[in-house]
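Could you work out the structure for the sequence below:
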Amino acid sequence: CRCGSCAPRRARGRMKEDLQVRELRADDFGKGYVQLLSKLASVGDISEDMFKERFQQLRERAGEYFILVIEDTAKATLVGAGTLLVEFKFIHACSKVGHIEDVVVLPETRGKGLGLLVVNTLVEEAKKRGCYKVILDCDEKNIDFYKKAGMERKEVQMVKYF
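Residues are numbered from 1 along each chain as shown. Alright, predicted model coming up:
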């Protein structure tokens with residue numbers, strides 16, 4: 001996706017010209033992808049080689065993974081990102097469900113609609129990939145944000161960490 005072409009039409013009109021919405025690339029390690037993710041959760045010590053190896057693994061599963069980034073091209077820095085994971089189901093006539101994960105925007109760029117741009121773009125990508133719904137898990141404090149993106153609260157998440 002170049003020049004925001006994968007962003008929903010409404011959002012493209014509001015984007016700064018130096019922001020580009022696109023898929024993650026192998027050279028995005030140097031543009032701060034891991035540091036961006038660290039604003040969301042602990043990422044550990046990831047070397048460039050580790051990043052490239054994982055990038056290649058995900059690229060081989062492109063039908064299941066779509067990682068979106070927003071790059072400030074003037075600074076060659078990533079300012080936002082999110083992931084769509086496509087789950088293949090037997091229910092609903094062997095349909096698919098989209099899972100939105102790892103939505104993050106740099107703190108200094110928050111409040112400018114970039115988070116909504118990430119979520120809405122991932123929702124559109126899920127539709128293109130034939131998903132019958134898209135779901136996500138979030139902190140209680142983020143519920144209002146996701147409601148702005150048209151999501152509704154449903155059911156409860158359970159987790160067991162190892």
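
remind me, longest strand of this structure?
Determined from DSSP state E, the single longest strand within the chain is strand 77-88.

Tell me the helix or strand right after that strand.
helix 91-94 (DSSP states H and E).

contact partners of that following helix?
F88, Y132 (CB atoms under 8 Å, 6 or more residues apart in numbering). In short, each C-beta sits where N, CA and C put it, glycine included.

do that again at 6 Å, thanks
Here helix 91-94 makes contact (CB atoms under 6 Å, 6 or more residues apart in numbering) with Y132.

Quick one: mean pLDDT over it.
Summarised as a single mean, pLDDT over helix 91-94 is 96.

what's the answer for stretch 108-115, then?
95.

May I have the distance across that stretch, first residue to last?
One end of stretch 108-115 to the other measures 12 Å (CA to CA, to the nearest Å).

which residues of this protein score low on pLDDT?
Scanning the chain with the threshold set as pLDDT under 70 gives 1-15.

run the last query once more with 80
1-16 (pLDDT under 80).

Just give me the longest helix of it.
Longest helix in the chain by number of residues (criterion: DSSP state H): helix 114-128.

From the contact counts, what lies against the next helix or strand after that helix?
Tracing the chain C-terminally past helix 114-128 and defining elements by DSSP H and E, one meets strand 131-136 next. In terms of contacts (3 or more CB pairs under 6 Å, 6 or more residues apart in numbering; DSSP states H and E), strand 131-136 is packed against strand 96-105.

neighbouring strands for the strand it packs on, and are they parallel or not?
strand 77-88 (antiparallel), strand 131-136 (parallel) (DSSP bridges).

out of the ones you listed, deepest packed?
Highest mean neighbour count among the strands paired with strand 96-105 (mean count of other CB atoms under 10 Å): strand 77-88, with a mean of 20.
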